[in-house]
Structures are given as structure tokens and as C-alpha cells.
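**Student:** give me a model of this one.
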Amino acid sequence: MTQGVSLTTEELRKLLSCGCPDAALLYLYCKAELPRETALDALHFTVPRMVAATDCLKQLGLWQEQAPRHVQPETPRYTEEELRKRLAQTQARMAAAVERQLSLSRQRLEALAGKRVLQSPMNYLQDKRMTLEYSRERLSSASQRLMQAKREQFVRLTAKLDAMSPLKVLSRGYSVVRTEDGSVLRRAADARPGDRIQIDLMQGTLLAEVSQVLEAEDA
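**Tutor:** So this is what the prediction gives:
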């Protein structure tokens, strides 16, 4: 294995100074340009011994990493007959794909041609105009119904408000009696003879003086 291997003085000095026989043996093996893949078996090294020898050579600067070998893929070889078959198959697949695309395009075109908007654009516009007119009438009718409902509600609320108005009560012959300080007098017992009172009528006001207080009889 070591026949024909020459070492420089520097290499020899480094190998002798490292004190690692395994490193020297591995270096000679690699120097002989033998495959590193078989060094483990050829040198009868264990994995730890192989790792230690490699680390030692790296420290000495005597270990060079191998450049990765790129395996070129093998170029397939075909006969003339195989090439013709492959070409025919490729052409058949391309023709089928084109035919499928044409069929889909034809179907889409026929579907579009069958649409009313393309067969008779004026009739299509007329249909849309009628639909729009129908929607407008429905909206107008709904708006009128809503306005009528709101108007009736307003009339009812106005009638209720008018019925609760003090002026409406006064128009039916009732009056509002107030004391001198403006408070509403609701009970005869709250007045005393000689008190001055104000009587509000539908039209005008009366100023009077209490001459007698008649208590309400208990039911």
C-alpha cells in the first residue's frame, strides 16, 4: 500500500510529531490515492479510531476534504421505433387536449348563444323595463300605504290630545278654580270663607270671594 508514496520533509515532521500511528497510517493510505470509502475496512480501524485519526490529520493540516462527486444521470437511449411511438403518443395526447378545449369552448358559445339577451336584445331590455316598472309601482303603492297609515295614526293621536286638553274640558262647561297663589283648588275643604279665588272659564276669568264652604257628604 505504501509503495511509491513519497513524503516531504514537512509532512514527515508533522506525522512524527503528532504521536498518532493511526493518523500516519491513514495519511499514507490517502497519499497512495486509495479510496477513502474503504479505508475503515482496509486499515482494520474501528469507527472511534477512524474519527481520532481524521481529527489528528485535520489539526496537522494534512487532511483535505474530498469534493463531492456529482453523478451524471444516464441519458436514456431509445431506438428509432421507440422515438416514433413516443412522438405519436405525444401528438395524440396534444390532439385530445385541443379537442377537449374546443368542445368546452363550443359548449360555452352555444350556451351564450341561447341566452335571450343575445337572441333578442330589444326584448331583453323590454323585459327588464317591465320588471323595473313593476318594482316602481310596488314601491309607490307601499309608500302610499305607509303614508296613509301614518296619517291615520296622527289623526288618532291628535284626537286623544285634543280630548285631554284643558280648553276642551272648559268648552263643555267645566271651569278651573285657583287660589290667590295660582294653585288649583280641587276640594272645597281647602278653602275658607273670605278666600279670594280665580275661576277660569272657556272664555274669560272670574274673580270671586268664598262666602261659605259646603263640605261634601260622605257616601
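
**Student:** Q198 - that's part of a strand, no?
**Tutor:** Yes: when DSSP: H, G, I helix; E, B strand; the rest coil is applied, Q198 is found to be in a strand.

**Student:** tell me the SS of the residue lying farthest from the centre of the chain?
**Tutor:** For the chain, the largest distance from the centre (CA atoms, centre = their mean) belongs to S211, which lies 86.0 Å off. Of the three states, S211 takes coil under three-state DSSP.

**Student:** excluding chain neighbours, what is closest to it?
**Tutor:** Of all residues not flanking S211 in the chain, P193 sits nearest, at 6.1 Å (CB to CB, 6 or more residues apart in numbering). C-beta here means a position set from N, CA and C on the backbone, and glycine is covered the same way.

**Student:** what about that neighbour, how many residues nearby?
**Tutor:** Around P193 sit 9 other residues, with neighbours defined as other CB atoms under 10 Å.

**Student:** show me where the chain has its helices.
**Tutor:** In order along the chain, the chain carries the following helices (DSSP state H): 9-18, 21-31, 39-42, 47-60, 80-113, 116-119, 121-163, 166-171.

**Student:** buried deepest among those, which one?
**Tutor:** Of all those, helix 21-31 has the most neighbours on average by mean count of other CB atoms under 10 Å, namely a mean of 19.

**Student:** got any ranges where the protein has weak pLDDT?
**Tutor:** 1-4, 66-76, 116-119, 167-169, 173, 216-219 (pLDDT under 70).

**Student:** switch the cut-off to 50
**Tutor:** Counting by pLDDT under 50, the ranges of the chain that qualify are 1-2, 219.

**Student:** circling back: and the residue nearest to S211, what does it touch?
**Tutor:** Taking CB atoms under 8 Å, 6 or more residues apart in numbering as the criterion, P193 is in contact with V210, S211, Q212, V213.

**Student:** quick revisit: ramachandran angles for the residue farthest from the centre of the chain?
**Tutor:** Dihedral angles phi and psi of S211 (degrees, to the nearest 10) take the values phi -100, psi -30.

**Student:** quick check: the gap between it and S183.
**Tutor:** Between S211 and S183 the computed distance is 20 Å (CB to CB, to the nearest Å).

**Student:** now do L201
**Tutor:** 18 Å.

**Student:** neighbour count for those two, which is higher?
**Tutor:** The neighbour count for L201 versus S183, taken as other CB under 10 Å, is higher for L201 (13 against 10).
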